[in-house]
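>>> got a sequence here, can you build the structure:
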Amino acid sequence: MTKNERNNANRNFDEMADELDEFAAVPTDVLADWVTDRGRCLWEITCGEPPAWTGQDEPDREMAAALCAGCPVRRECLELELRTIGEDTDGVLGALNGADRRALHEVWSPRCRSDIAATPDESGREIGGR
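Have a look, this model is predicted:
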């Protein structure tokens, strides 16, 4: 990747993080309810035919974009994933594959407001910090 391509990618992640700022004050349990109730992918998994993920960045990006197109809670899903899984993210959520979400997490995490409680993971360690 050239320096110009990296700068463009970083700008895109900055713009995505800007969009997610509107959810900073929304409690994690509320985000989880929204995503569970309205997420298009959850409908596909339970009632439709879920895609066969390849584990390869480019094909999975394309499938994620297709699956998440028109989902009413795409950004909420992405915010929830960044908060609860953080940099250990994998798979496809919020229309981004794991590699893209990890890159976004690097931009998103320093913006997290410390006055909003972080979500503990299974071990009790706080993740996300929003």
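>>> all strands of the protein, in order?
92-93, 96-97, 119-120, 126-127 (DSSP state E).
>>> pick out the residue closest to the middle of this protein.
Among the residues of the chain, Leu78 comes closest to the average C-alpha position under Cα atoms, centre = their mean, at 2.4 Å.
>>> so that residue versus Cys47, what's the distance?
Distance of Leu78 to Cys47, computed by Cβ to Cβ, to the nearest Å: 23 Å. (C-beta placed from N, C-alpha, C; glycine too.)
>>> which of the strands of the chain has the lowest average pLDDT?
Looking over those, mean pLDDT reaches its minimum on strand 126-127, with a mean of 48.
>>> flag the shaky bits of this protein, pLDDT-wise.
1-10, 43-45, 50-51, 91, 113-130 (pLDDT under 70).
>>> picking up where we left off before, excluding its backbone neighbours, what's nearest the residue nearest to the centre of the chain?
Nearest residue to Leu78, sequence neighbours excluded (Cβ to Cβ, 6 or more residues apart in numbering): Gly94, at 2.7 Å.
>>> with Ala64 instead?
Val92 (4.0 Å).
>>> show me what contacts that neighbour?
Counting by Cβ atoms under 8 Å, 6 or more residues apart in numbering, Val92 touches 53, 60, 63-64, 67, 98.
>>> out of these, who has the most neighbours?
Ala64 (23 neighbours; other Cβ atoms under 10 Å).
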